[in-house]
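Student: Predicted model and sequence below, questions to follow.
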Amino acid sequence: MVTRRVDLRSDTVTKPTEAMRAAMASADVDDDVLGHDPTAARLEKEMAKIMGKEAALFVPSGTMANLICVLTHCQIRGSEVILGDYSHIHIYENGGISTLGGVHPRTVKNNEDGTMDIQLIEEAIRDPSFEICYPTTRLICLENSHAHSGGRCLTAKYTDQVGELAKKYGLKLHIDGARIFNASVALGVPVHRLVQAADTVTACLSKGLGAPAGTIIAGPRDFIYKAKILRKTLGGGMRQVGVICAAALVALEENVAKLETDHKKAKTLAEGVNNIKGLKVDLASVETNIVYFDIQESLGITEGKLLKNLEAHGIFAMSEGPLKIRLVIHHQISETDVQYTVSCIQKIVGGLVGENGGN
Amino acid sequence: MRAAMASADVDDDVLGHDPTAARLEKEMAKIMGKEAALFVPSGTMANLICVLTHCQIRGSEVILGDYSHIHIYENGGISTLGGVHPRTVKNNEDGTMDIQLIEEAIRDPSFEICYPTTRLICLENSHAHSGGRCLTAKYTDQVGELAKKYGLKLHIDGARIFNASVALGVPVHRLVQAADTVTACLSKGLGAPAGTIIAGPRDFIYKAKILRKTLGGGMRQVGVICAAALVALEENVAKLETDHKKAKTLAEGVNNIKGLKVDLASVETNIVYFDIQESLGITEGKLLKNLEAHGIFAMSEGPLKIRLVIHHQISETDVQYTVSCIQKIVGGLVGENGGN
């Protein structure tokens, strides 16, 4: 009889706190399309300041935020954007930049640490003298923290180098900062410094920060002006949206401080899982709140089977490929949840080792 | 609504299904008489998703009114983002398009070497630009018959479908029976903070959900907004009839003012347009500014044309106050231009 539920599928599962619910219920609102919702305005102003940009815009999701940024940087037909081969934009956003925006992607290999080699990025930039055959490169996208590599952080130094390269070739730099606050806390670098070299940044409110929904885009004032129109075009113009922004303001105030604890719990979880015979975690790769572990073939269990077994114990996670599982920590996962998770995995896997290799 | 939002039962609506969103979608599907429904952040996204999902194949064309909201007020997104070509047909004063003209606009497939392929007809009920006028079930059925005859789909932009339903005394599901898909706004007369519902066949809603994600409309614990919408459905549909009565009172009051004209027959729901006669010597912009000085906010709908929209948070005294203020402002002008 399972009484406990430990949801490690993603940090998007966070539910609004009591403080958020109270804030939502009493939010000062207005029509954000005909005018400017005052709570949305407050959130956007605060976020612009935190990100060190001129202005900011609230949008319903990270997908829309990236879509708006890529399309607004690449308004001219025939544009190309350079991004990681395992970036979220390229893999998990339905190819919208192309199917909806007509922008062509040029991928560069993502290294294990989430970076792309500067030299390879430079080689991917189109030579304008061949424009008869080439699309025009206008934009480079980075992702910080980089999800697919396990939530790994790009340093300010690396980001600045990519920014230098972009400037050299007259390109824009966009950072998919869905988990930029995690990166900032892990590196001990303020967000605005981390993204200084970028023209635009996105930051999710619905992930580790715990708000019910939404993402912020931050950038130059004239960019945000165009972004607002594209937001409307995509259908992201919401009326009394302050009800959600109110929760986001609470999130900013209360939950950024909790990210460090999330990272500590992730390390504890990672070490616990890595100690289990038959499972392997690349401990050096656990920099923020995401933990990947590999299931050794010798265990004779698929990732799907292991997930099902975990579910029976009330633990929810996601597969990230063959024999690979992802666990994501967030502020609504307690230390006891972490211990419980490690014990359950130990129990499930321990049984298998017994089966396959004797006692 | 605020209490419902604060206590809403929620979950990640992208990784799974937010329970409050699920409840709202199930309820709305039932009301609209369709298999399934989907919550989206706005009416613009709802129409965009529907047009693009009906027209998934490149080279598609959609027939719609020359003064439809989709064509005029949605940034041309169906084309700029979706690659769908619009073919407009004249909107009559009552919001309809002549059935014959719609038929003439349907592309002949034998000329497909030059023609895009017509796949969809869109109606709008109530029709905003004509003043919130209602399309009858009979007219809608006729357009539905035409669509079927040519193998086309029919979509209804039902942003204010509840207003039309109440004004005509016809249940929503009957009104939109002939349509494959319908949208209905929760954020307008129903009064929720945001959101619109798409309703249609189950397999259509499945594809719509993916396109919603692609457009960036996949929101996580979205139940906080859906909870407000459920309250709206319960409490505010009944108030629409009163909105319509207040609109008529407002319309008559304004029409009685010398120098202003309202086509009273056109006031079927909650929207009132009035024209400023040139003899008054005032622009719509100036009149709006004067109204603002009295705390009354309205919008211009073109040269010498102003739009007033009634909703449940406008009281009868607000209506009286509005008429008096307009009378005061305009009365002063008549005095100026024509003596006492």
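Tutor: Nice, I can see it. Residues are numbered from 1 along each chain as shown, chains lettered A, B, ... in the order given.

Student: number of nearby residues for residue A:268?
Tutor: Applying other C-beta atoms under 10 Å in any protein chain shown, we find 18 residues neighbouring residue A:268. Any C-beta I mention is one placed from the backbone N, CA and C, and that applies to glycine too.

Student: residue contacts, it?
Tutor: By C-beta atoms under 8 Å, 6 or more residues apart in numbering or on different chains, the residues touching residue A:268 are A:335, A:338.

Student: in the helix or strand it falls within, what's buried?
Tutor: Using DSSP states H and E, residue A:268 sits within helix A:259-274. By neighbour count, with 16 or more other C-beta atoms under 10 Å in any protein chain shown as the criterion, the buried positions of helix A:259-274 are A:259, A:262, A:263, A:265, A:266, A:267, A:268, A:269, A:270, A:272, A:273, A:274.

Student: Just the closest of the residues you listed to residue A:319, please.
Tutor: residue A:273 (14.9 Å; C-beta to C-beta).

Student: ranges for the strands of the stretch 1-150 of chain A?
Tutor: A:6-7, A:55-59, A:79-84, A:104-108, A:136-143 (DSSP state E, counting those that start in this stretch).

Student: Which among those strands is found nearest to chain B?
Tutor: Proximity to chain B (C-beta to the nearest C-beta) singles out strand A:55-59 among the strands of the stretch 1-150 of chain A, at 6.6 Å.

Student: check whether the closest one contacts chain B.
Tutor: Yes. Applying C-beta under 8 Å from any C-beta of the partner chain, one finds strand A:55-59 in contact with chain B at residue A:59.

Student: Now do that strand, average pLDDT.
Tutor: Strand A:55-59 comes out with an average pLDDT of 98.

Student: Okay, now the sheet partners of it, with direction.
Tutor: strand A:215-219 (antiparallel) (DSSP bridges).

Student: can you tell me the average pLDDT over the partner strand?
Tutor: Strand A:215-219 comes out at a mean pLDDT of 98.

Student: Please state the offset of it from the chain centre?
Tutor: 13 Å (C-alpha atoms, centre = their mean, to the nearest Å).

Student: after that strand comes which helix or strand?
Tutor: By DSSP H and E, the next helix or strand past strand A:215-219 is helix A:221-234.

Student: Tell me which other helices or strands that following helix touches.
Tutor: Secondary-structure packing of helix A:221-234 (3 or more C-beta pairs under 8 Å, 6 or more residues apart in numbering or on different chains; DSSP states H and E): strand A:55-59, helix A:62-73, strand A:215-219, helix B:43-54, helix B:77-80.

Student: Could you rerun that using 6 Å?
Tutor: strand A:55-59, helix A:62-73 (3 or more C-beta pairs under 6 Å, 6 or more residues apart in numbering or on different chains; DSSP states H and E).

Student: Would you tell me which one of these is buried the most?
Tutor: Among the helices and strands packed on helix A:221-234, ranked by average contacts under mean count of other C-beta atoms under 10 Å in any protein chain shown, first place goes to helix A:62-73 (a mean of 28).

Student: Residue A:213: which of the strands of the stretch 1-150 of chain A is closest?
Tutor: With C-beta to C-beta as the criterion, residue A:213 lies closest to strand A:55-59 of the strands of the stretch 1-150 of chain A, at 9.8 Å.

Student: List the contacts of residue A:296.
Tutor: Contacts for residue A:296 (C-beta atoms under 6 Å, 6 or more residues apart in numbering or on different chains) come out as residue A:278.

Student: could the helices and strands packed on helix A:221-234 go into TSV alongside distance to residue A:181?
Tutor: Shown next, in TSV, are those (distance: least, C-beta to C-beta, whole Å):
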stretch	distance to residue A:181
strand A:55-59	14
helix A:62-73	13
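
Student: Tell me the pLDDT of whichever residue of the stretch 101-250 of chain A sits closest to chain B.
Tutor: Taking C-beta to the nearest C-beta, chain B has its nearest neighbour within the stretch 101-250 of chain A at residue A:235, 2.1 Å off. With respect to pLDDT, residue A:235 scores 97.

Student: tell me, how many neighbours does it end up with?
Tutor: Neighbour tally, residue A:235, other C-beta under 10 Å: 28.

Student: now stretch A:33-49: how far from the chain's centre is it?
Tutor: Chain-centre distance of stretch A:33-49: 22 Å, with C-alpha atoms, centre = their mean.

Student: same thing with stretch A:45-58?
Tutor: Relative to its parent chain, stretch A:45-58 has a centroid offset of 18 Å by C-alpha atoms, centre = their mean.

Student: quick one: contacts of that stretch?
Tutor: Against stretch A:45-58 from outside (C-beta under 6 Å, 6+ apart): A:40, A:44, A:191-192, A:201, A:214, A:216-221, A:224, A:227-228, A:245.
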